[in-house]
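Enquirer: one predicted model, sequence on top.
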Amino acid sequence: MGKKIPLRQCVGCGEMKSKKEMMRVLKTADNEIVLDVTGKKNGRGAYLCVSGDCLKKARKNKGLERSLKINIPEAIYDNLEKEFQENEAE
């Protein structure tokens with residue numbers, strides 16, 4: 001049997017995918033919301049597919065807010081969208 005691949009659920013579309021296929025959004029100890037590209041930072045994380053659509057869905061259904069147990073201001077969503085577009089372009 002091969003090595004088990006850790007799956008994570010996208011808080012936007014609800015699909016299960018491997019960690020490598022997803023972006024991690026992180027709530028730090030200072031209650032900051034950041035994009036964790038390495039997936040190794042400390043803090044509470046929520047996963048999103050690497051597509052702007054899932055970020056929009058998560059924004060609409062408050063999936064990120066539920067996962068991270070914090071209210072997320074619009075400005076932070078706007079920042080995340082910018083960072084997502086930069087990562088999608090790579």
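Expert: Structure's in. What do you need?
Enquirer: residues in contact with stretch 29-42?
Expert: 19, 23-28, 43, 45, 64, 68, 70, 72, 76, 80, 83-84, 87 (C-beta atoms under 8 Å, 6 or more residues apart in numbering). To be clear about C-beta, it is placed using only N, CA and C from the backbone, and glycine gets the same treatment.
Enquirer: residue 62 versus the closest residue to residue 50 other than its chain neighbours, what's the distance?
Expert: Nearest non-adjacent residue to residue 50, counting by C-beta to C-beta, 6 or more residues apart in numbering: residue 23, 5.4 Å away. Distance, residue 23 to residue 62, using C-beta to C-beta, to the nearest Å: 18 Å.
Enquirer: more neighbours: those two, which one.
Expert: residue 23 (23 against 12; other C-beta atoms under 10 Å).
Enquirer: wait, a strand at residue 46?
Expert: Yes - assessed with DSSP: H, G, I helix; E, B strand; the rest coil, residue 46 lies in a strand.
Enquirer: longest helix in the protein, please.
Expert: Once the chain is assigned using DSSP state H, the helix that runs over the most residues is helix 74-89.
Enquirer: neighbouring contacts of that helix?
Expert: 23, 25, 33, 35, 37, 50, 51, 52, 55, 59.
Enquirer: for residue 11, state which of the residues you listed is nearest.
Expert: Nearest to residue 11, judged by C-beta to C-beta, of the contacts of helix 74-89 is residue 25 at 8.1 Å.
Enquirer: could you check the angle the strand or helix carrying the closest one makes with helix 74-89?
Expert: Using DSSP states H and E, residue 25 falls within strand 22-27. With axes from the mean of the first three to the mean of the last three C-alpha atoms, to 10 degrees applied, the angle from strand 22-27 to helix 74-89 works out at 150 degrees.
Enquirer: isn't residue 45 up against residue 26?
Expert: Yes - with contact defined as C-beta atoms under 8 Å, residue 45 counts as touching residue 26 (5.0 Å).
Enquirer: got the contact list for stretch 46-55?
Expert: Outside stretch 46-55, the residues touching it (C-beta under 8 Å, 6+ apart) are 8-13, 15, 17, 19, 21-26, 58, 63-64, 67-68, 77, 80-81, 84-85, 87-88.
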